[in-house]
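Novice: got a predicted structure plus its sequence, pasted below:
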Amino acid sequence: VQLQESGPGLMKPSQTLSLTCTISGVSITTKNYYWSWIRRPPGKGLEWIGYIAPSGSAYYSPSLKSRTSISRDTSKNQVTLQLTSVTPEDTAVYYCARDTWDGSVWSGYDYWGQGTQVTVSS
């Protein structure tokens with residue numbers, strides 16, 4: 001299983017960030033696998049942004065929900081993150097990662113992309 005993030009490295013405030021995670025080795029519609037976006041701002045810890053479930057439903061962090069959309073393209077086996085109205089506070093390394101839900105317990109992230117740096121600056 002491999003995950004690869006891609007997207008613009010530099011953005012201006014108020015723009016919409018769009019990142020793509022291309023997954024290989026497993027179908028993104030596989031039961032029990034949830035595909036998350038996570039970020040790490042400089043000097044801070046990891047922040048969960050949201051995930052998309054095998055059903056295609058998406059769930060978001062309450063703090064980012066109003067600006068976030070996660071979708072998928074099953075024909076390309078890709079998951080996409082969109083974050084609107086970015087500010088310098090959205091500067092971070094953005095990761096996609098896989099978690100597993102067995103119906104009662106989350107297994108934890110077992111596969112990660114290498115991350116992609118996004119810098120928001122005027």
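Specialist: Received it, and whenever you're ready, just let me know what you need. Numbers count the residues shown, from 1 in each chain.
Novice: list the contacts of the residue nearest to residue 56 when sequence neighbours are not counted.
Specialist: Leaving aside its sequence neighbours, residue 56 sits nearest to residue 72 (C-beta to C-beta, 6 or more residues apart in numbering; 6.4 Å). The C-beta positions use only the backbone N, C-alpha and C, and glycine is treated the same way. Shown in contact with residue 72 (C-beta atoms under 8 Å, 6 or more residues apart in numbering): 28, 35, 52, 56, 78, 79, 80.
Novice: so the most centrally placed residue in the chain, which state does it fall into?
Specialist: Among the residues of the chain, the one closest to the centroid is residue 37, at 2.1 Å (C-alpha atoms, centre = their mean). Secondary structure for residue 37, judged by DSSP: H, G, I helix; E, B strand; the rest coil, is strand.
Novice: and the residue of the chain most remote from its centre, what is it in contact with?
Specialist: Within the chain, the residue lying farthest from the chain centre (C-alpha atoms, centre = their mean) is residue 122, at 23.8 Å. Neighbour list for residue 122: 12, 13 [criterion: C-beta under 8 Å, 6+ apart].
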